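Trainee: how would this look folded up:
(chains A and B)
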Amino acid sequence: MSDDVRRWSEELARDPGSRVFLQLGELLRRRGDLPTAQRVALRGLERHAHDAEAHDLLARVYADMGEGERARDEWEMALAIAPAHQGALRGIGFLLFAEDRLEEAEAYLARAAAHPEADEATRAALQRVREATDAARATAGPLAATALTDGRYLFSDVLGDGEHTAVLLDAAGTVLAGEYVLQDGRDVATLVGAELCGVSEEARRAMRHLGLGAWQALVFETEVARMAMAPAAQECVTLVAAHRDTAPGFLRRTLDRAADRAAAWLGGGR
Amino acid sequence: MSTAFRPLLTTLARHRGVVGSMVVGESDGMIVQAALHVGVAGEVVAALAASLYRKARRSSAAAGFGDVGFLTLEAELGRLCVIGRGGLVLIAIADRGVNVGLLRADMLAAVEELA
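Mentor: This is a model prediction of the structure:
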C-alpha cells in the first residue's frame, strides 16, 4: 500500500464524511484496482449524493470497467448537478465517439471545448470528431438527399386527412422523414426534433434500470395536442401528434402504422 | 428527508401494480421524496424520467402546444407515469397489472399538491 493510499484511507476512517475519497478513488482507478475504486466511489456517494465530482469519479471507474451505459448514467447525473462539468462532457463525448455516434459526440465535446477551463486535449478531441463527422457526412450525402426528396411525404397515406402529423427523427433529433406543419403553415419539425434529441436512449435506459423490458411507446398530453412516440431502428423515433380530443386508441393505432412505415423505409424491423 | 409528500406517495402506492413513486426536481432530476420497493433503481430512473419530461415540455413549447400534462412511457413489462407542476415531477413506476386510467386520475389530482 502506498503512502497516499494509506494516508487517505486513514483519513476516511477517521472522518467518513471527508471528500478525500475523490483522490483515493482516482488513485486506485489509475492503478487499475477498479473493484476497490468502485467501492470507494460508491461509499463516497452515500454521503455526497449531490457532488458532481463523486459521480464523475464513479463514471470514470465504470468506463474503465467497460460499463459504458453505467458510466453515461453517472456522467449525466454529474451534468444534472453541474451542467458545464468538464469531465462529464468529455466522458460522454468519448463514449459516443466510441459508439460511432459522431454528431452527438461532437455536441458534447463542443460544449466542453467552449468552457474557459477546456484543455488542449479536449480541443484536439473535438477536432478529431469533427473530421470524422465531415467524412461520414460526405459518405452519407446521397442518403440524406433521398430523405429530403422522398421522405417528406412518407406518412401521408398513413395519416389520411385528419388533423394529425408524423415525423421520423434520428438519435440526434434530425428530421429524416415526414413533416410537422402547424395551422399557420409553419413546419416546426426541426424545432421539435431538436428538443427530443436522445429521447429514445433515455427511454431505453430508464426501462433497463427498471427491468421492464424494451420501451414501446411514449405518450404525453399537452394543452392542445396528444403526442406519441415509438422506437425505430438505429435509435430513431417515430413521432405522431394529434389534436387533444383524439381518442387515445386511435392515436396509438396511427402511431403503430406510422412506425411500421418508418421501419420499412429504414430498411429494417422496429 | 422531507415528509411533505408522504400522503401523496402513499395514495399512489395503494394502486395495484405500482412498485414505486417519487417526487423529483424537474431541472436536476434529484429525488425530493420517494417510496420505492426494494431493488428499484430510484436515483437513475428519477434523473431519466425528469429528463424525458423536460424534453416533452420543450418540444411542446417549440410546437406552441402549451404545458405538458400526463406522460407515460410504456414497455413490455410495465410503465413509467410522470406529471409535473411548479418545477417538480411526480413519477409512478408500475408493472403490467396497473390500471392506468385510475392511476392517471389520481396523479392528475395529486399534481395540485406539488405546486
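Trainee: centroid-nearest residue for chain A?
Mentor: residue A:198 (4.1 Å; C-alpha atoms, centre = their mean).
Trainee: that one against residue A:173, yeah?
Mentor: Yes - counting by C-beta atoms under 8 Å, residue A:198 does reach residue A:173; the two are 7.5 Å apart. The way it works is simple: take the backbone N, C-alpha and C, and place the C-beta from them, glycine included.
Trainee: run through the residues that contact the residue lying closest to residue A:231 once chain neighbours are set aside.
Mentor: Nearest non-adjacent residue to residue A:231, counting by C-beta to C-beta, 6 or more residues apart in numbering or on different chains: residue A:200, 5.5 Å away. By C-beta atoms under 8 Å, 6 or more residues apart in numbering or on different chains, the contact list for residue A:200 reads A:171, A:215, A:231, A:235-237.
Trainee: redo that, cut-off 7 Å
Mentor: Shown in contact with residue A:200 (C-beta atoms under 7 Å, 6 or more residues apart in numbering or on different chains): A:171, A:231, A:235, A:237.
Trainee: make CSV out of the residues you listed and add pLDDT and neighbour count.
Mentor: What follows is those, written out as CSV (pLDDT from 0 to 100; neighbours: other C-beta atoms under 10 Å in any protein chain shown):
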residue, pLDDT, neighbour count
A:171, 82, 18
A:231, 92, 23
A:235, 81, 18
A:237, 92, 25
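Trainee: in strands, which of these appear?
Mentor: Judged by DSSP state E, the contacts of residue A:200 include A:231, A:237 as members of strands.
Trainee: can you tell me which of the contacts of residue A:200 is closest to residue B:19?
Mentor: Minimum distance to residue B:19 across these is 23.0 Å, recorded for residue A:231 (C-beta to C-beta).
Trainee: ok, residue A:251 - how many residues close by?
Mentor: By the measure other C-beta atoms under 10 Å in any protein chain shown, the count of residues near residue A:251 is 21.
Trainee: okay but it is in contact with residue A:226, surely?
Mentor: Yes - applying C-beta atoms under 7 Å, one finds residue A:251 in contact with residue A:226, separated by 5.4 Å.
Trainee: so what sits against both of these two?
Mentor: Shared contacts of residue A:251 and residue A:226, counting by C-beta under 7 Å, 6+ apart, come down to residue A:242.
Trainee: how near is the residue positioned nearest the centre of chain B to residue A:202?
Mentor: Centrality entry for chain B: nearest residue to the mean C-alpha point is residue B:91, 1.4 Å, by C-alpha atoms, centre = their mean. Separation of residue B:91 from residue A:202 (C-beta to C-beta, to the nearest Å): 14 Å.
Trainee: just residue A:34 next, same as before
Mentor: 27 Å.
Trainee: counting neighbours around each, name which of these two comes out higher.
Mentor: Between residue A:34 and residue A:202, residue A:202 has the larger neighbour count (other C-beta under 10 Å), namely 20 against 17.
Trainee: and what about the more buried one, helix, strand or coil?
Mentor: Secondary structure assignment for residue A:202 (DSSP: H, G, I helix; E, B strand; the rest coil): helix.
Trainee: likewise for residue A:100?
Mentor: When classified by three-state DSSP, residue A:100 comes out as coil.
Trainee: identify the residues contacting it.
Mentor: Contacts for residue A:100 (C-beta under 7 Å, 6+ apart) come out as none.
Trainee: show the backbone phi and psi for it.
Mentor: Main-chain torsions, residue A:100, degrees, to the nearest 10: phi 70, psi 20.
Trainee: quick check, pLDDT for it.
Mentor: If you check residue A:100, the pLDDT there is 78.
Trainee: any idea how far chain B is from it?
Mentor: To chain B, residue A:100 is 23 Å away according to C-beta to the nearest C-beta, to the nearest Å.
Trainee: would residue B:21 count as being in a strand?
Mentor: Yes - counting by three-state DSSP, one finds residue B:21 located in a strand.
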